[in-house]
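quick one, fold the following:
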Amino acid sequence: MSQWYQMDFPDPSSEPARMLYCYHDTVLVIVMMVLFGVGWFLILVLVAPFMKGLVNRDITNSDKLEVAWTLLPSFFLVAIGSSSLLNLYEMEVGDNVGYNVSVTGHQWYWEYNYILDLDEFTKDSDYIYFSLMK
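All right, here's what the predicted structure looks like:
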């Protein structure tokens, strides 16, 4: 259950929600690794003028370095993209839905529209009202 002071996601109650929760954590770990790596190299470059021999600034052409900084981010992007597509495939509900809900967010409120196929229900308005209340 969500609380107003909650700093994390609520507990997942379905399998797609659990998969999205794990996807969020995985992407967060990858982003933190990338930020740590970039920050480490930034510190090395900024500290290098004060420490002789720490960074070799004479490298003008390195095929191995270019292949490495091209392939490493592509592996991260493929891992994130394949996981995201798997989640998207699992969340697709198809044609087995009871009713559709259209939600529109306005600046100060939410608007909910329940889209019903009235041919499935009887003409009794109480039946439609009580079936929506479930």
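
going forward, measure contacts and count neighbours with C-alpha atoms only.
Will do.

distance from the chain centre to the helix of greatest length in the chain, please.
If each helix of the chain is counted by residues according to DSSP state H, the longest one is helix 15-47. Its chain's C-alpha centre and that of helix 15-47 lie 13 Å apart, by Cα atoms, centre = their mean, to the nearest Å.

next helix or strand past it?
Following helix 15-47 in sequence order, the next helix or strand is helix 63-91 (DSSP states H and E).

so which elements touch that following helix?
helix 15-47 (3 or more Cα pairs under 8 Å, 6 or more residues apart in numbering; DSSP states H and E).

average pLDDT for the helix it packs on, rounded please.
In this model, helix 15-47 has a mean pLDDT of 89.

how big is the angle separating it from helix 63-91?
Between helix 15-47 and helix 63-91, the angle comes out at 160 degrees (axes from the mean of the first three to the mean of the last three Cα atoms, to 10 degrees).

check which residues of helix 15-47 are buried.
Within helix 15-47, the residues that count as buried by 16 or more other Cα atoms under 10 Å are 16, 19-20, 23, 27.

one more: stretch 100-108?
Under 16+ other Cα under 10 Å, stretch 100-108 has no buried positions.

got the CA positions of it in PDB?
Only the C-alpha atoms of stretch 100-108 are listed here, as PDB (Å, rounded to 0.1, in the frame of the first residue of the first chain):
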ATOM      1  CA  ASN A 100     -11.700   0.000 -21.400                       C
ATOM      2  CA  VAL A 101     -10.800   3.100 -19.400                       C
ATOM      3  CA  SER A 102      -9.700   6.300 -20.900                       C
ATOM      4  CA  VAL A 103      -7.800   8.500 -18.400                       C
ATOM      5  CA  THR A 104      -6.900  12.100 -19.300                       C
ATOM      6  CA  GLY A 105      -4.700  14.200 -17.000                       C
ATOM      7  CA  HIS A 106      -5.600  17.800 -16.800                       C
ATOM      8  CA  GLN A 107      -3.600  20.400 -14.800                       C
ATOM      9  CA  TRP A 108      -5.600  20.100 -11.600                       C
END
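
neighbours of residue 87, just the number please.
17 (other Cα atoms under 10 Å).
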